[in-house]
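Enquirer: give me a 3D structure for the following:
(one chain, ligands or ions: 3)
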Amino acid sequence: MTTLNSIAGQLDGQAIELPSWAFGNSGTRFKVFATPGTPRTIQEKLADAAQVHGVTGLAPKVALHIPWDKVDDYSALREFAGDLGVALGTINSNTFQDDAYKFGSLTHADAAIRQQAIDHHFECIDIMHATGSQDLKIWLADGTNYPGQGDMRGRQDRLADSLEQIYARLGSEQRLVLEYKFFEPAFYHTDVPDWGTSYAQVAALGDKAMVCLDTGHHAPGTNIEFIVMQLLRLGKLGSFDFNSRFYADDDLIVGAADPFQLFRIMVEVVRGGGYGPANQDGSSPVAFMLDQCHNVEDKIPGQIRSVLNVQEMTARALLVDRAALDAAQTAGDVLGANGILMDAFYTDVRGDLAAWREGRGLPADPLAAYAASGYQAQIAADRVGGTQSSWGA
Ligand code: LRH
Ligand code: MN
Ligand code: MN
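Expert: Ligands and ions are numbered 1, 2, ... in the order given. Modelled structure (predicted):
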C-alpha cells in the first residue's frame with residue numbers, strides 16, 4: 001500500500017488557479033444575495049484570493065475575466081498581485097453580455113459584429129502580455145434557440161476562421177484554450193457544445209490551442225474521466241474549470257457534490273501525465289482552475305474548501321497502487337482491480353495532509369486559521385460604500 005509520505009513530494013508543486021469572479025456576489029436569475037465585505041474592485045478580489053493561498057499554499061494564481069476585471073494599467077495590477085504573493089493567471093474573454101452578441105460573437109453572420117468579437121480577443125492577448133498570463137480562455141455563449149434559426153454549418157465555419165485569426169496573434173509562450181458547454185444560454189444548439197467540437201476546432205489551429213474542460217458542462221451521467229483520458233491521450237487537455245453540480249452548470253464547490261467523480265478525474269489526470277512538472281519550466285501541461293460561484297456561503301472559505309478538496313482527491317489518486325492495478329487489470333481480475341482503486345479512494349488522507357501543511361509552515365486547519373485571522377470581520381468593516389462586485393461586473 002502506497003503511503004502519503006511517499007507521495008508528499010508530488011503534492012508540493014500543486015497549483016490551483018482561483019477565478020476572480022468567485023469573490024464577487026453571485027446568484028441565480030431569481031436573486032443575488034449580498035455578503036458583507038464583498039470586494040468592490042479587482043484589487044480587493046486579489047487581496048481575498050491571497051488569503052486563500054496564504055492558508056493553503058495551493059492557489060498561487062488568479063484568473064481574470066475581461067471586461068469584469070478591466071483596469072487601465074495591467075502591469076501595475078501584475079505588480080500589485082505580486083506584492084500580495086499571487087500572480088495573474090488565465091485571461092477569460094467575454095462575448096456573452098453585450099447586446100451586439102445577441103445572435104452570436106465569433107460565429108456571427110454579420111462581419112462587423114464578428115470583427116468586434118475578434119478584436120476583443122486581440123485586446124485580451126495584449127492584456128496577457130502585460131499580466132504575464134499563459135492562457136487565453138474562450139467560452140462562447142453562441143448558439144440558437146430554434147431549429148432553422150441559424151445555419152449551424154456556416155456558424156462552425158465562421159468560428160474556425162475567427163479562431164484562426166485569434167490564434168495567429170498569440171505570442172510563442174501563449175496558448176488558447178477553448179471551453180465547451182452542452183447548453184445554456186442557447187437551448188436548441190450551442191456552437192461549441194462538446195469536447196469533440198472543441199477538439200476539432202483547436203486541432204485545426206495548432207500546438208498552442210487546447211481544450212478546456214469545465215466539469216459542470218456535461219449532460220448528467222457523462223463519464224467525464226473518459227474525456228480527460230482521451231484529451232490527455234491526444235495531447236489536447238489544456239485546462240480544467242473545476243466545480244460541481246447536481247443538475248446543470250451549478251458552479252458549486254468542487255468535490256462537494258461528487259467527491260468520487262473528482263477522484264476518478266484525478267486518477268486519469270495522473271495516469272495520463274497531466275499532473276506534475278512535465279514542462280521544461282517545471283509547470284504542469286494542464287492548468288487546474290476553479291470556476292465557481294458562492295451564492296449562499298462565504299466566498300473566501302468557499303475557495304479554501306475547494307482547493308483543499310482538489311488536493312485531497314489528488315492525494316488519493318496518487319495513492320493508487322499502479323503496479324498492482326495493472327497486474328489485476330491484465331489478469332482480468334475485475335473485483336481485484338476495482339478493489340485496488342477503491343482502497344485508494346477510501347483512504348482518509350486528511351490527517352496526513354494536515355501534517356504535510358504543518359511541515360511547510362502552513363496551518364494544519366486552513367479554514368480554522370482563516371476564521372481566527374479576523375480578516376472576514378475586517379473586510380466587512382472596511383469595505384463599506386462603493387459597489388460590491390458581482391458576477392458580471
Ligand atoms: C460558462 C463559464 C465560462 C465563463 C464562466 C463565468 O458557463 O463556465 O467559463 O467564463 O462560466
Ligand atoms: Mn467555465
Ligand atoms: Mn460554466
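Enquirer: switch to C-alpha atoms for all contacts and neighbour counts from now on
Expert: OK.
Enquirer: how far away is residue 172 from residue 208?
Expert: 8 Å (C-alpha to C-alpha, to the nearest Å).
Enquirer: pull the contacting residues for residue 252.
Expert: 243, 244, 245, 292, 293, 294 (C-alpha atoms under 8 Å, 6 or more residues apart in numbering).
Enquirer: in space, what's closest to it - neighbours in sequence excluded?
Expert: Nearest residue to residue 252, sequence neighbours excluded (C-alpha to C-alpha, 6 or more residues apart in numbering): residue 244, at 4.9 Å.
Enquirer: residue 217 is in contact with that neighbour, correct?
Expert: No. With contact defined as C-alpha atoms under 8 Å, residue 244 does not count as touching residue 217 (9.7 Å).
Enquirer: mind listing the helices for the chain?
Expert: Ranges of helices within the chain are 4-12, 42-56, 74-84, 111-131, 152-169, 195-203, 224-233, 259-271, 299-318, 322-330, 334-345, 350-358, 366-373, 375-382, based on DSSP state H.
Enquirer: between helix 42-56 and the third one, find me the angle.
Expert: Okay, so that is helix 74-84. Here helix 74-84 runs at an angle of 30 degrees relative to helix 42-56 (axes from the mean of the first three to the mean of the last three C-alpha atoms, to 10 degrees).
Enquirer: could I get the buried residue list for stretch 218-233?
Expert: 218, 224, 225, 227, 228, 229, 230, 231, 232 (16 or more other C-alpha atoms under 10 Å).
Enquirer: ignore the last one, stretch 349-361
Expert: Buried residues in stretch 349-361 (16+ other C-alpha under 10 Å): 349, 352, 353, 355, 356, 357.
Enquirer: do stretch 310-325 as well
Expert: Those would be 310-321, 325, for stretch 310-325 by 16+ other C-alpha under 10 Å.
Enquirer: ends of it, what's the gap?
Expert: Across stretch 310-325, first to last residue, C-alpha to C-alpha, it's 23 Å.
Enquirer: roughly how far does the closest residue in space to residue 208 that isn't next to it in sequence sit from residue 57?
Expert: Spatial nearest neighbour of residue 208, excluding adjacent residues (C-alpha to C-alpha, 6+ apart): residue 175 at 4.7 Å. Note on residue 175: its distance to residue 57, by C-alpha to C-alpha, is 25 Å.
Enquirer: number of nearby residues for residue 133?
Expert: Look at residue 133: counted by other C-alpha atoms under 10 Å, it has 23 neighbours.
Enquirer: which residue comes closest to it once chain neighbours are left out?
Expert: Using C-alpha to C-alpha, 6+ apart, the nearest residue to residue 133 is residue 89, at 5.1 Å.
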